[in-house]
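>>> coords please:
(chains A, B, C and D)
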Number of protein chains: 2
Amino acid sequence: MKLHQLRYFVAIVQNGMNVTTAAHKLHTSQPGVSKQIRLLEDELGAPLFLRESRELTGLTEVGQQVFNRSLTVLREIQSIRGVTADLTRAQRGTLSLATTHTQARYVLPPVIQRFRASYPDVELHLHQGTSEQIAELASLDRIDLAIATGGEAVFSEFVLLPCYRWHRKIIVPRDHPLASVQRPTLKQIAAHPIVTYVFSFNGPSSLQELFAAAGLEPKVSLTARDADVIKTYVRLGLGVGIVASMAIDPIADADLVAIDGAHLFPSHTTWLGFRQGALLRGYTYKFIAELAPHLTRDVIEAAMGEPDRAARTELLQALPLPAL
Amino acid sequence: MKLHQLRYFVAIVQNGMNVTTAAHKLHTSQPGVSKQIRLLEDELGAPLFLRESRELTGLTEVGQQVFNRSLTVLREIQSIRGVTADLTRAQRGTLSLATTHTQARYVLPPVIQRFRASYPDVELHLHQGTSEQIAELASLDRIDLAIATGGEAVFSEFVLLPCYRWHRKIIVPRDHPLASVQRPTLKQIAAHPIVTYVFSFNGPSSLQELFAAAGLEPKVSLTARDADVIKTYVRLGLGVGIVASMAIDPIADADLVAIDGAHLFPSHTTWLGFRQGALLRGYTYKFIAELAPHLTRDVIEAAMGEPDRAARTELLQALPLPAL
DNA sequence: TACAGTTACGGACCGCGTAAGCATA
DNA sequence: TATGCTTACGCGGTCCGTAACTGTA
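Numbering: from 1, shown residues only, chains lettered A, B, ... in the order given. This is a model prediction of the structure:
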């Protein structure tokens, strides 16, 4: 069994069982790839692919298992390469993040600015998406770090570290009746149409449930996917906006009144995740420290070394968590 | 980077940094091994070994990290081989167990007898030792399954499945004053010298503490490492024996009176452990089923697929656990 | 001089690329 | 006829074993 045989095998699977395109991406010839797969199957003594005449149409059960384990092998090989790359070319490399709109738009810009100043030669890739899309990228090993809120269940094989806590704020135009209320009640808010996130509103522990629990059924005039859209419509007088606390810019949003919602809505934790056993480059630790200063290298390595998630959680609960 | 380079590297480390002996065990020449290590170091761009002139004296920090990850790689490669070996040569292979005296002597014999009848061509290896020795073998990948009681903390990267519960029994000669007592108290027992396991007596939640909590300080006439020795000395009248319930053979021990101790001593769980992500052969599932019928393949695969130990524990707590 | 690792070299093997073959839509 | 995998074959690299070499106790 050779490493490149596993690489070929994985490439074929990841290219929809198409040997020709896989060979292209591997910068090699198609017959070579075919032959190596054949050799691998011969050595293992069982076919990896389901075949219809000459076409490959899927994986056998054996193929599926071998595929999973091959991924682990190739991941580790990549990490072994990284071990020394980190020492000899410490200032160069890539860092791929996946995160949600709110983080990408409001939280990460200053973090990334500081990071780029320290490591100008690190190639940064920022992928924006929903929790599910982030999880997808993560499971395919396409990213080094995931930053998100909620959806912990989706990232079951990941080490999740809490970054900071945040809460919701209520935004209204200056001339709105709520603008002068310091601590509005749910009832006062529900008297007006609401503009908020699509994802905040539905599902369990949502705003909808929160209002319902108080016997209220607010009118929702608009649900958007990001705070910029919400603020735009609040400015147009469509209703009361409910957004994440860090989405408010004191200067750019000076025309709006932001009212603290901590007494009404539960707080949330944004976490950072990466695959258990992943190799984090030196600059990755630096990036994390810029994002969440309490996540020092020692803390991260301690959490990574603890295979049990419950024990990790306990370990991390002692940390002072910043609030935004 | 080639797989055999990692194999060579690991072999050298596991043979005390000696290239010559490593080459021997690998059935190849010493210069070849040297050269491959050199190529590997060149490719990684950093030395893996600490050297004094030409001698290898230890691992660099990089070497240590590469070593750990190489082990994972080789383990996975081995598993990939096993995936098909299990299908094509399902009846052949090896099964290595590590366990304690009580299991090896009293619990496993009938299990192994039934297993051998089904799979005469599977080579069985049974290693007996203390919890620490078992953990050592397990961490070196020398065994497929560990079976033990207690010491859960030592096996942190293992999947632990509960096999059965057991409790302690009190054994005395037929003519002993306690022989006719159905439910003796701790005080009645403490009136006589005690013969029990070394490991049961010391440490936290030990018998010593249990008696002390009741304000008693029994005289311990002998601590042994196994029940056979304890029974021998109980027969000689050295005192009251306290042994695991499964260590009593109704026929061979008919000359002793065994009194249930479930009302006095806490019960224990014997568990079975293997490395998370290990490949279990078909006959291994069969063996486990012989040992603990509630651990069916479905249950084991569900537990193995759950990366979080707390969730695993929860999953397993619903199972009906046999008592011995 | 014994021991441990390095350097040097010829042979065998193997993976690659090109080119031709074959089956399916 | 286009697509996609297989077979055939020559080239080049690489891994191996033997043998000679170098440095250390």
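
>>> Please state the backbone phi and psi of the nearest residue to residue A:235 once chain neighbours are set aside?
In this structure, residue A:235 finds its nearest non-sequential neighbour in residue A:173, 6.4 Å apart by CB to CB, 6 or more residues apart in numbering or on different chains. For every residue, glycine as well, the C-beta is placed using N, CA and C. When read as degrees, to the nearest 10, the backbone of residue A:173 gives phi -70, psi 160.

>>> I'd guessed residue A:173 sits against residue A:237; true?
Yes - between residue A:173 and residue A:237 a contact is recorded at 6.4 Å, counting by CB atoms under 8 Å.

>>> Of these two, which one has the most company?
residue A:173 (16 against 12; other CB atoms under 10 Å in any protein chain shown).

>>> give the contact list for the more buried one.
By CB atoms under 8 Å, 6 or more residues apart in numbering or on different chains, residue A:173 lies in contact with A:179, A:234-235, A:237, A:255-257.

>>> How about the host helix or strand of residue A:301 and chain B, touching?
Applying DSSP states H and E as the criterion places residue A:301 in helix A:297-305. No - in terms of CB under 8 Å from any CB of the partner chain, no part of helix A:297-305 sits within range of chain B; the closest distance is 9.6 Å.

>>> Give the rounded mean pLDDT of that helix.
Here helix A:297-305 scores 91 as its mean pLDDT.

>>> That helix - contacts with which helices or strands?
strand A:158-166, helix A:282-291, helix A:309-317 (3 or more CB pairs under 8 Å, 6 or more residues apart in numbering or on different chains; DSSP states H and E).

>>> neighbouring contacts of that helix?
Contacts for helix A:297-305 (CB under 8 Å, 6+ apart): A:159, A:161, A:276-277, A:280, A:285, A:288-289, A:312, A:315-316, A:319.

>>> near DNA strand C, which residues of chain A?
Residues of chain A found near DNA strand C (CB under 7 Å from any atom of the strand) are A:2, A:4, A:27-32, A:35-36, A:39, A:52-54.

>>> In contact with the residue of the stretch 151-300 of chain A found nearest chain B, which residues?
The nearest approach of the stretch 151-300 of chain A to chain B comes at residue A:157, 5.0 Å away (CB to the nearest CB). Residues in contact with residue A:157 (CB under 8 Å, 6+ apart) are A:139, A:275-276, B:307.

>>> separation between it and residue A:67?
Counting by CB to CB, to the nearest Å, the separation of residue A:157 from residue A:67 is 16 Å.

>>> Check residue A:224 too.
In terms of CB to CB, residue A:224 sits 39 Å off from residue A:67.

>>> ditto for residue A:268
Distance from residue A:268 to residue A:67, by CB to CB: 36 Å.

>>> do residue A:230 as well
43 Å.

>>> The two: which is more packed in?
residue A:230 (25 against 18).

>>> Surely the more buried one touches residue A:195?
Yes - between residue A:230 and residue A:195 there is a contact under CB under 8 Å: 5.1 Å.

>>> check contacts around residue A:295.
So residue A:295 contacts A:161, A:163, A:272, A:288-289, A:319 (CB under 8 Å, 6+ apart).

>>> One more pass at 6 Å, please.
A:161, A:288 (CB atoms under 6 Å, 6 or more residues apart in numbering or on different chains).

>>> How about residue A:241?
Counted by CB under 6 Å, 6+ apart, residue A:241 has contacts A:171, A:195, A:230, A:234.
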